[in-house]
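Enquirer: The amino acid sequence is not available; the structure is as follows:
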């Protein structure tokens, strides 16, 4: 079956530090890949996506590249801010609508 | 504004007292889904619906019911809630959105309902 594995949290960084959150997946076929973000007290919202190999998704300074050879979709940001504190979920879609989520990584950014 | 709404946002109830959490979307989406979020377990799908009158079980359907009589609404029903159903619940909806020739089926999430069953 399909699965998503992302690095365990929590992750605590100082403001302006570099962020990497690792995500690897197992899926049949050619899935679409997503990063969702959940700010405190809110629902999930799409951060970025990539639908085929070598695509790079980007939004709000975050980036992730779909690497088929390593089955990975790592999230990166060059300089995090306090406002980036949230829980980040990696997810895949292989088929029609259904998403398979990772367990989430909580990021805390301190001034 | 395009959105998914859920009610109530917070609910404390007692074991065995039937409850319904409503979900409504205004984007004419075909697909709707319910998830529960628990610490250390991430999001797990409870039920989903591909269209009106079409529903199917997700990964953790036990103790839950759903209905899809109208395209915009997808209520979650707990006939006899138990403490192990204490959780944060999210409704989501989706339709295809094309990107580079391939549909991505982006899901839009509601704000969540925090349920406590004592």
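Expert: Yes, it's here. A quick note: this is a predicted structure, and the numbers were derived from the prediction, not measured.
Enquirer: so what secondary structure elements neighbour the lowest-mean-pLDDT helix or strand in chain A?
Expert: Least confident helix or strand of chain A, by mean pLDDT, DSSP states H and E, is strand A:99-101 with a mean of 90. Judged by 3 or more CB pairs under 8 Å, 6 or more residues apart in numbering or on different chains; DSSP states H and E, strand A:99-101 is in contact with strand A:3-6, strand A:86-93, strand B:42-51. Backbone N, C-alpha and C define where each C-beta goes, glycine included.
Enquirer: Of all those strands, which one is nearest residue A:40?
Expert: Residue A:40 lies closest to strand A:86-93 among these, at 7.2 Å (CB to CB).
Enquirer: List of residues touching the closest one?
Expert: The list of residues contacting strand A:86-93 from outside it, by CB atoms under 8 Å, 6 or more residues apart in numbering or on different chains, reads A:2, A:4, A:6, A:9, A:21, A:23, A:25, A:27, A:31-40, A:44, A:47, A:73, A:75, A:99-102, A:104-107, B:42-43, B:104-105.
Enquirer: Could you give the bridge partners of the closest residue to residue B:55 other than its chain neighbours?
Expert: If the residues on either side of it in the chain are set aside, residue B:55 comes closest to residue B:49, at 4.6 Å by CB to CB, 6 or more residues apart in numbering or on different chains. Partner residues in beta bridges with residue B:49, using DSSP bridges, are residue B:32, residue B:55.
Enquirer: For chain A, which residues are neighbours of chain B?
Expert: Proximity of chain A to chain B (CB under 8 Å from any CB of the partner chain) is limited to residues A:32, A:34, A:36, A:42-46, A:49, A:51-52, A:55, A:89, A:93, A:96-99, A:101-104.
Enquirer: quick one: low-confidence ranges for chain B?
Expert: B:97-104 (pLDDT under 70).
Enquirer: Contact residues of it facing chain A?
Expert: B:4, B:31, B:33, B:40-43, B:45, B:48, B:50, B:90, B:92, B:94, B:99-100, B:102, B:104-112.
Enquirer: Mind giving me the ChimeraX select for those, buried ones only?
Expert: Selection of buried members from those for ChimeraX, criterion 16 or more other CB atoms under 10 Å in any protein chain shown:
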select /B:4,31,33,42,43,45,48,50,90,92,94,99,104,105,106,107,108,109,110,111,112
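Enquirer: quick revisit: contacts only, for the residue nearest to residue B:55.
Expert: By CB under 8 Å, 6+ apart, the residues touching residue B:49 are B:31-33, B:55-56, B:66, B:68, B:74.
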